[in-house]
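> Using only what follows, build the 3D model:
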Amino acid sequence: MKIRFGKQNPFFDIPDAKNLVKNIGGESIFFFGKTKDDKGLISVGVGTVVKIEKGNEMDMVMMNFGFVARKIIVKHNHARRQIYTLKKGQLAWFYGFAKYYDKKLCLFAKGFQGWYVPKALDIKNYDDDQLVELEQEQEQDMVNFLDQFIDGDD
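Sure, this is the predicted structure:
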């Protein structure tokens with residue numbers, strides 16, 4: 001793809017996004033270039049947690065990125081500890097790498113990040129009176145700031 005700037009002749013090449021990032025159609029998982037140690041393709045995705053299985057040597061998390069629930073193998077200690085932040089049915093980020101074995105996609109996790117959703121108890125504990133006090137304090141601070149600013153100009 002070439003783009004022309006101005007009336008002169010210089011052209012600037014802009015890389016096509018298809019060459020930088022690939023994805024599976026209709027799914028929110030993206031594949032970037034290869035890792036340095038050639039373990040596979042760097043992968044990032046957002047999906048809902050379907051199932052979590054614990055094991056001795058490794059764990060398995062199933063996430064739905066669109067059409068199908070995909071199995072993610074979790075071997076790294078860091079990612080295994082992050083599984084405790086995930087809950088079934090919760091949206092979460094996935095970061096890791098992907099490899100193809102016999103034309104089948106295998107995902108390996110390096111990290112997870114669950115999206116926090118406040119519980120009803122958290123929402124009920126938030127007091128409306130605290131919000132009003134906070135707004136009044138902010139207004140008073142702004143008035144004090146303006147008074148100091150105006151007094152400083154004399």
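
> contacts, neighbours, all on C-alpha from now
OK.

> Give me the sheet partners of the strand or helix carrying W93 and which way each runs.
Using DSSP states H and E, the element containing W93 is strand 91-101. Strand pairing for strand 91-101, determined by DSSP bridges: strand 41-53 (antiparallel), strand 104-114 (antiparallel).

> right, and the ones you listed - which one's nearest G66?
Of all these, it is strand 41-53 that lies closest to G66, at 7.3 Å by Cα to Cα.

> Pretty sure K54 sits against V74.
No: between K54 and V74 no contact is recorded; they are 9.5 Å apart, counting by Cα atoms under 8 Å.

> in the chain, which spans are helices?
Remark: helices assigned in the chain by DSSP state H are 17-20, 77-82, 120-125, 128-152.

> Can you tell me how far the residue nearest to the spatial centre of the chain is from G111?
The residue lying closest to the centre of the chain (Cα atoms, centre = their mean) is W93, at 4.5 Å. According to Cα to Cα, to the nearest Å, W93 and G111 sit 8 Å apart.

> again with V117
Going from V117 to G111 by Cα to Cα gives 19 Å.

> For these two, indicate the residue with more neighbours.
Higher neighbour count among V117 and G111: G111, with 19 against 9, using other Cα atoms under 10 Å.

> Report pLDDT for that one.
Reported pLDDT at G111 in the predicted model: 93.

> which residue packs closest to it, ignoring adjacent ones?
Distance criterion Cα to Cα, 6 or more residues apart in numbering; nearest residue to G111, sequence neighbours excluded, is A79 at 4.4 Å.

> So what's the residue count around that neighbour?
Neighbours of A79 (other Cα under 10 Å): 21.

> and the nearest residue to A92 once chain neighbours are set aside, how far is that from F108?
Nearest residue to A92, sequence neighbours excluded (Cα to Cα, 6+ apart): G114, at 4.1 Å. Distance, G114 to F108, using Cα to Cα: 17 Å.

> More neighbours: which of these two?
The neighbour count for G114 versus F108, taken as other Cα under 10 Å, is higher for F108 (24 against 20).
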